[in-house]
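A.B. asks: Based on what follows, work out the 3D shape:
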Amino acid sequence: MSFTILFLPPPGPRNDELKTAIEAAIAGVDVRLVPSREAALAELPEARAAYGRLDPELLAAATKLEWLCAPQAGPDPSFYFQELIDSNVVVTNMRGIYNDHIAAHIMSFVLAFARGLHIYLPDQFRGVWNSRGEQAGAIHLADATAVIIGVGGIGGETARHCAYFGMHVIGIDPRVTEPVDGVAELFHPDQLDEHIGRADFVIMTAPQTPRMERMMNLERMQRMKGTAVLINIGRGSNLVIDDLAEALESGIIGGAALDVFETEPLPESHRLWEAPNFLMTPHVAAAGGFLEERRYALITENCRRFAQGEELKNIVDKANWF
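C.D. replies: Numbers count the residues shown, from 1 in each chain. I've put the predicted structure just below:
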């Protein structure tokens, strides 16, 4: 079955390559690189598929649209405006292509806290020789428990890494119904507060959804162990950074590591810059090789499935943004 897929503006750096690859791989597919909004409004009335971002005006023009491919794993909530949610357009996303890179980043945080690097690195930069050993927070991972909030692709990969180091892994997820490799116990998010206090590491990998926004607040941190470490690489909106600063400064939790923040960049005046036992990276956990190749392979596979009338990969629950 032939169809046209529009690559909406702004143009990607390698869209020409992707157009050539898709059209070579799938007979009857016409990939059109749309240079401007005006061109998109002219092209959308006949398109059955699109890659990129719509708004209400563009969606209203897309009277034949059946499939919208989001360029990210978890776009910001404004991507899912009400008219799109209410429409019959199927949305897919890019989840899955970052799993190994982000899981490795999480483990770098886990190992840093397990071996006291959150103390030794700042000491190094101050020119301080500090041989406090166990006082620097060495954690025997084989005796440690991780609660992973979200054990889909990234969380599942992280669970396998944690289990390799001997950690007991508790998974929290609304969709996963059977424990994945590495997960010893699996619970619904409604049961998080019953188990968060068991964790030496609370690891947040969950996407941004209406239910997840600001769910990790001071009240929930107070349910954690006083020695526990909180790690968030999911979405910045899921954790209240002012509450985290308070929890670290007051010793409510033992440490934290973030790659994502409610406000990015983190404001220069924010207390987290000076918070004790805190590590951060500037939203780089997904960095790594082969991402464009994986992105192109996923788009091409879904174009093949669409042409054949098969179910697409990575279909999104639009009302929940993921």
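A.B. asks: Now stretch 194-212: buried residues?
C.D. replies: Within stretch 194-212, the residues that qualify as buried are 195-196, 198-209, 212, counting by 16 or more other Cβ atoms under 10 Å. Where you see a C-beta, it was placed from the backbone N, CA and C, and this is true even at glycine.
A.B. asks: May I have the distance across it, first residue to last?
C.D. replies: The first residue of stretch 194-212 is 17 Å away from its last residue (Cα to Cα, to the nearest Å).
A.B. asks: Quick check: can you list the domain ranges of this protein?
C.D. replies: In terms of domains, the chain is parsed into 3-97+289-320, 99-280 (source: automatic domain parsing).
A.B. asks: ok, back up a step: please flag which of the buried residues of stretch 194-212 sit within helices.
C.D. replies: When DSSP state H defines the helices, the subset of the buried residues of stretch 194-212 inside them is residue 195.
A.B. asks: Looking at the buried residues of stretch 194-212, spot the one nearest residue 23.
C.D. replies: Distance to residue 23 across the buried residues of stretch 194-212 (Cβ to Cβ) is lowest for residue 207, with 31.9 Å.
A.B. asks: hang on, that closest one packs against residue 237?
C.D. replies: No - Residue 207 is not in contact with residue 237 according to Cβ atoms under 8 Å; the separation is 10.1 Å.
A.B. asks: Looking at the domains of the chain, which one is packed in the most?
C.D. replies: Burial among those, expressed as mean neighbours by mean count of other Cβ atoms under 10 Å, is greatest for domain 99-280, which shows a mean of 18.
A.B. asks: In contact with residue 237, which residues are there?
C.D. replies: The neighbours of residue 237, taking Cβ atoms under 8 Å, 6 or more residues apart in numbering as the test, are 208, 212, 213, 214, 262.
A.B. asks: and the residues you listed as CSV, adding distance to residue 319 and pLDDT?
C.D. replies: Conversion of the contacts of residue 237 to CSV gives the following (distance: Cβ to Cβ, whole Å; pLDDT from 0 to 100):
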residue, distance to residue 319, pLDDT
208, 13, 92
212, 13, 91
213, 14, 94
214, 19, 96
262, 23, 96
